[in-house]
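> 3D, please:
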Amino acid sequence: MSADPHDLAEQLDAVVLAVFRSATADRRQLSLTAAAVLARLQRVGPARLTELATGEGITQPSMTTLVARLVAQGLVDRAVDPADRRAVVLTLTPAGAELLARRRADRTDRLAPHLAGLSPQERERNAEAMPALTRLAGAVRRSRTPAEVTR
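As a prediction, this is how the structure comes out:
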């Protein structure tokens, strides 16, 4: 197996897509964009609508519609921004956090049997790769987060 970054990226792309399709097979409760918004609020804390739209790469009107739906579902709360009373700050509700936790547990339950099908040595190699893959995911996430969205 090549350690060339381009070769690794190509191999990782195939693996990520396969795992992603399996892990996100059930989208009845929430769209991928809605789940990403909830996860961002959980990860970075309260945010303005414009920050969420920029961070998720969608238009502000689309984010407004999505957030209205999430508020109506009780997954996100709106509050006046104390720093700028004209603006609104959005926060994840306990129900939103619970939904994210359930979705993560469901994905784990769907992936665990596939990992169990690997040999102990293959599982160990996967475990050893996790710290590097986690750093890679963080670097990718940071590169996609515009400076004005970061805290």
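> any stretches of this protein with poor pLDDT?
Low-confidence segments of the chain, defined by pLDDT under 70: 1, 23-28, 144-151.
> can you rerun that using 50?
146-151 (pLDDT under 50).
> what about the helices in it?
Ranges of helices within the chain are 5-23, 32-44, 49-56, 60-72, 94-116, 120-144, based on DSSP state H.
> closest to A83 out of the ones you listed?
A83 sits nearest to helix 49-56 of all the helices of the chain, at 12.7 Å, using C-beta to C-beta. Backbone N, C-alpha and C define where each C-beta goes, glycine included.
> which stretch among the helices of the chain comes nearest D81?
Smallest distance to D81 across the helices of the chain (C-beta to C-beta): 10.3 Å, for helix 49-56.
> from the helices of the chain, which stretch is densest packed?
helix 49-56 (a mean of 19; mean count of other C-beta atoms under 10 Å).
> which strands and helices lie in contact with it?
Helix 49-56 is packed against helix 32-44, helix 60-72, strand 84-92, with contacts defined by 3 or more C-beta pairs under 8 Å, 6 or more residues apart in numbering; DSSP states H and E.
> quick one, that helix and helix 32-44 angle?
If you take axes from the mean of the first three to the mean of the last three C-alpha atoms, to 10 degrees, helix 49-56 sits at 110 degrees to helix 32-44.
> quick one: distance of helix 49-56 to the chain centre.
Counting by C-alpha atoms, centre = their mean, to the nearest Å, helix 49-56 is centred 14 Å from the centre of its parent chain.
> got the angle for that helix vs helix 60-72?
Per the same axes, to 10 degrees, the angle that helix 49-56 makes with helix 60-72 is 110 degrees.
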